[in-house]
Every structure is written in C-alpha cells, then in structure tokens.
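Q: below are the sequence and a predicted model; questions follow.
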Amino acid sequence: MTELKQTPLFDYYQKNQVKLVDFGGWAMPIQFTGIIKEHEAVRERLGLFDCSHMGEIEVSGSGAEAYLNHLVTNNVSKMTDGSVQYNIICQENGGAIDDVMIYRFNQEKFVVVPNASNADRVWTWMGSYLTKDAQIENKTAAIGLIAVQGPLAESALQSLTDQPLSEIGRHRFIEDARIADYRLSFISRTGYTGEDGFELYLPAEDTTAVWEEILKASEAVGGLACGLGARDTLRLEAGLPLYGQELSEDISPIMAGVGFAVKTKKAAAFIGQSALRQQREEGTTHKVVGFEVSERGIPRHGYTVLNQDGHPIGEVTSGTQSPTLKKGIGMALIQSDHSEIGTDILIEIRNKTVAAKVTSKTFLN
C-alpha cells in the first residue's frame, strides 16, 4: 500500500488490521464490519466515514467570486457567507470534468472540494484559468475530513461539543467548532448518504484522535465505522450521482439530471454555458434514469439495458441490491425516448434478461 496515497487514518487502519484497497490511487477501506451492517447503521442510527481523500482547494482574493463563477455551472454570486453550494466544472462542450462542493467563507475566501480521483485534474484546470486578482492554494495534504451520517449524528456529536449543532442549517457551515479537545477548521451539515449528517474538516494531524473520539460516542448508540462499500449503496439509494458513472466527460449535467445546478441564464458566462443551454432547450439523446428490477437479479455497472423488443437502449451506470428496499435498483444512461417514469425495460444480467421499470432516482421517497 506504500505506493498509494494515504489518508491521515492510514496508521490507524494498519494498527487495527483494516483491509485497504486502491480507490482512485488512495488506500481506503471498503468495509469494517460488513457493507450491509454499515449501511443499516447509517439509515437507522449513524455511521462514520473517512473522506480525507477528497481534495480541498482554497480560493482567495478580490476576484475570487468572479473567477469561480467562470469555472462552475451554478451561481456563486447567490451564495452567502457560511453556505455550501453544489457545482459542476465543465468543458466547452458541456462534458463534466468533476462535480464539486463550494464553501463560501466571505466574498474573498472560498474552498472548493473536488472528488479524490479528480482532485489533481481540477487543481490543474483551475490553475489554467487563474486570474490576476484570485489566488489558489492546494490544502488537501493538510486537511482531514470525517463524515458523520445518520439520524443520530447530531446527538452523538453534540455530546462532544458545546457548539449548538442544531443551529447549523442544511448546506451551511461554521468555523472553529471544537470536538472534544480538538479545534476543527470548519463543520458543515452536508453528506453523501441521503441522511442528515455533518462533515468535519480538521487539521490532518488531529484526524485519528478525533475519529476515535467520535467512534466511541457513535458506538455507544449503535453506530459503526463505515467504508466505501456502504457509502456507495447509501448514495445510490439516495439517487446521488458518482463521477465517472452518472456524470463524466461524455455525460453532461443536463443528461445526468442535475440541471438544478446549471444556471445557463446567470450573468457571469461560464465554461460550457452555450453547449448546456442548447442541451436544455433542444433536449439530449440520452438521459440518466433510475430503475427498479421486478425479478430476481442484481444489476451492475456496465450491464446492457434493452427495450421490450430486446433492442439495446443504454447501459447501467450504477446498480446494487438495495439493503433498505430489498430489491435490485440502479441508475442507467438510456435513450431519452425510453426515459419516462413507468416505462418497462429489460436489464441483461448474466446472459439473461430481467424485467425492470424506470423510476425516480430518489428511491427512498
């Protein structure tokens, strides 16, 4: 594992004999006690995730807001201090380079959080469009990131801090909160599981100590440490896209169904705006849809999707056996004329076709 990048919890994993795998060049745990157990813990109680492989890029200067507005699809000018906004960075043709979260501290300070697999690319892309009145600094190595997710997340964390966590609204954050005896850089009410929860950004050197404090408080109410396996099944049940699967250079945000984050009419022109405006006005040949399997069978990434006549119309982008719904679910990129909710489709699973139906991507509703 020495050739892979290591999060601040790497020594903790080694000490506790946690099995690690290569995830986007990082040594990361797929599971601790089992994917289904960890998934259920988050849905019913809470779970703890190491997300320190995510990137953190600070943007500062008098032109920081204008600079970001040119790079991303959403309207950064609409943000207020202490808010978090979902965004996509696109190429001129509308293809996605990455989806990111942007944190606004004030008009001259923001933090951009890209996905781990794209962090280096986003850093390079941002550097190539840098303006003279904006500065960027890559802080990934100095920052640890712990996500605490689930219905008991607030109460478990509240036992470790004097900060009234109930006052942090959804997609909001505060600076300088303390967990036990450790000061965080900032804490946000955000997550990637479909549950209430928080993400804690903190000095890398304090990550293991804070992890152990939160894990102790979590275990007292049945919470568990969770790996990437549960993170994926949780985000899929919540209909959240994963870059490289539901969103990519070939799958634009309009095709992916995250057009709410694409402000083609904002005053600040952004890279890819014209292409995305055209897609919105004229439609796209393919769309990402949700689906549920009607028979036995687990859909997986890359499986072929067919219409009722047996003709290929697309492929599965993400699929699993839903631990919550006890059935096969997934998302697929298919021809737009088959994308209406309720449409009957077929999924080719292990050389046989299995009946399925197009649904909303938010499976937990």
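A: Thanks, I have it.

Q: test for you: state the pLDDT assigned to the closest residue to residue 170 other than its chain neighbours.
A: Counting by C-beta to C-beta, 6 or more residues apart in numbering, residue 189 is the residue found nearest to residue 170 once chain neighbours are left out, at 5.3 Å. From N, CA and C alone the C-beta is placed, and that goes for glycine too. On pLDDT, residue 189 comes in at 98.

Q: can you check residue 351 too?
A: Model confidence at residue 351 (pLDDT) stands at 88.

Q: compute the number of surrounding residues for it.
A: Residue 351: 5 surrounding residues under other C-beta atoms under 10 Å.

Q: kindly report the same for residue 337.
A: 13.

Q: ok, now residue 145?
A: Neighbours around residue 145, by other C-beta under 10 Å: 23.

Q: would you verify that it is located in a strand?
A: Yes - under DSSP: H, G, I helix; E, B strand; the rest coil, residue 145 falls within a strand.

Q: residues touching the residue lying closest to it once chain neighbours are set aside, list them.
A: The shortest distance from residue 145 to any non-neighbouring residue, by C-beta to C-beta, 6+ apart, is to residue 51 (4.3 Å). Residue 51 sits next to 145, 146, 147, 199 when contact means C-beta atoms under 8 Å, 6 or more residues apart in numbering.

Q: what's across from the closest residue to the second one other than its chain neighbours in the sheet?
A: What it means is residue 146. Nearest non-adjacent residue to residue 146, counting by C-beta to C-beta, 6+ apart: residue 200, 4.6 Å away. In this entry, residue 200 is beta-bridged to residue 146, residue 187, by DSSP bridges.

Q: surely residue 200 touches residue 149?
A: No - Residue 200 lies out of contact with residue 149 (C-beta atoms under 8 Å); the separation is 11.4 Å.

Q: between the two, who's got more neighbours?
A: Neighbour tally, residue 200 and residue 149, criterion other C-beta under 10 Å: the higher count belongs to residue 149, 28 against 23.

Q: for that one, which non-adjacent residue is closest in space?
A: Nearest one to residue 149, counting by C-beta to C-beta, 6+ apart, is residue 197 at 3.5 Å.

Q: show the contacting residues for that neighbour.
A: Going by C-beta under 8 Å, 6+ apart, the list of residues near residue 197 reads 46, 147, 148, 149, 150, 153, 189, 190, 191.

Q: output those in TSV, with secondary structure and distance to residue 105 appended to each entry.
A: Below are the contacts of residue 197 laid out as TSV (DSSP: H, G, I helix; E, B strand; the rest coil; distance: C-beta to C-beta, whole Å):
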residue	secondary structure	distance to residue 105
46	coil	27
147	strand	20
148	strand	22
149	strand	24
150	coil	27
153	helix	23
189	coil	16
190	coil	15
191	coil	20
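
Q: show me where pLDDT drops low in the stretch 1-150 of the chain?
A: The stretch 1-150 of the chain contains residues with pLDDT under 70 at 1-2.

Q: return the distance of the residue most central in space within the chain relative to residue 243.
A: Centroid-nearest residue in the chain: residue 192, 5.0 Å away (criterion: C-alpha atoms, centre = their mean). Distance from residue 192 to residue 243, counting by C-beta to C-beta, to the nearest Å: 12 Å.

Q: now swap in residue 323 and tell me
A: In terms of C-beta to C-beta, residue 323 sits 23 Å off from residue 243.

Q: more neighbours: which of the two?
A: Legend: neighbour count by other C-beta under 10 Å for residue 323 and residue 243, higher for residue 243 (21 against 18).

Q: how close does that one sit to residue 190?
A: From residue 243 to residue 190 the distance is 17 Å (C-beta to C-beta).

Q: ok so, going back, so the residue nearest to the centre of the chain is in contact with residue 235, correct?
A: Yes - at 5.1 Å, residue 192 and residue 235 qualify as touching, with contact defined as C-beta under 8 Å.

Q: and residue 255, how many neighbours?
A: With other C-beta under 10 Å as criterion, residue 255 counts 25.

Q: residues contacting stretch 174-188, please?
A: 82, 84, 103, 105, 143, 157, 160-163, 165, 168, 171-173, 198-203, 206, 209-210, 213-214.

Q: list only buried entries from these.
A: 82, 84, 103, 105, 143, 157, 160, 163, 165, 168, 171-173, 198-202, 206, 209-210, 213-214 (16 or more other C-beta atoms under 10 Å).

Q: doesn't the residue nearest to the centre of the chain belong to a helix?
A: No - counting by three-state DSSP, residue 192 is not part of a helix but coil.

Q: list the contacts for it?
A: 147, 149, 231, 234, 235, 240.

Q: quick one: it and residue 172, what's the gap?
A: 17 Å.

Q: before we move on, the earlier item: I'd say the residue nearest to residue 170 and residue 157 touch.
A: No - judged on C-beta under 8 Å, residue 189 makes no contact with residue 157 at a distance of 10.7 Å.

Q: mind listing the shared neighbours of those two?
A: Joint contacts of residue 189 and residue 157 (C-beta under 8 Å, 6+ apart) are residue 198.

Q: ok, which stretches of the stretch 1-150 of the chain are strands?
A: Applying DSSP state E, counting those that start in this stretch to the stretch 1-150 of the chain gives strands spanning 5-6, 20-23, 26-29, 47-50, 57-60, 83-90, 96-106, 109-113, 135-138, 143-149.

Q: then the stretch 201-350 of the chain?
A: 224-226, 286-293, 304-306, 312-321, 328-335, 344-349.

Q: a markdown table for the ones you listed, including mean neighbour count and distance to residue 124?
A: Formatted as a markdown table, the strands of the stretch 201-350 of the chain follow (neighbours: other C-beta atoms under 10 Å; distance: least, C-beta to C-beta, whole Å):
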| stretch | mean neighbour count | distance to residue 124 |
| --- | --- | --- |
| strand 224-226 | 26 | 31 |
| strand 286-293 | 22 | 27 |
| strand 304-306 | 20 | 35 |
| strand 312-321 | 20 | 26 |
| strand 328-335 | 24 | 27 |
| strand 344-349 | 21 | 38 |
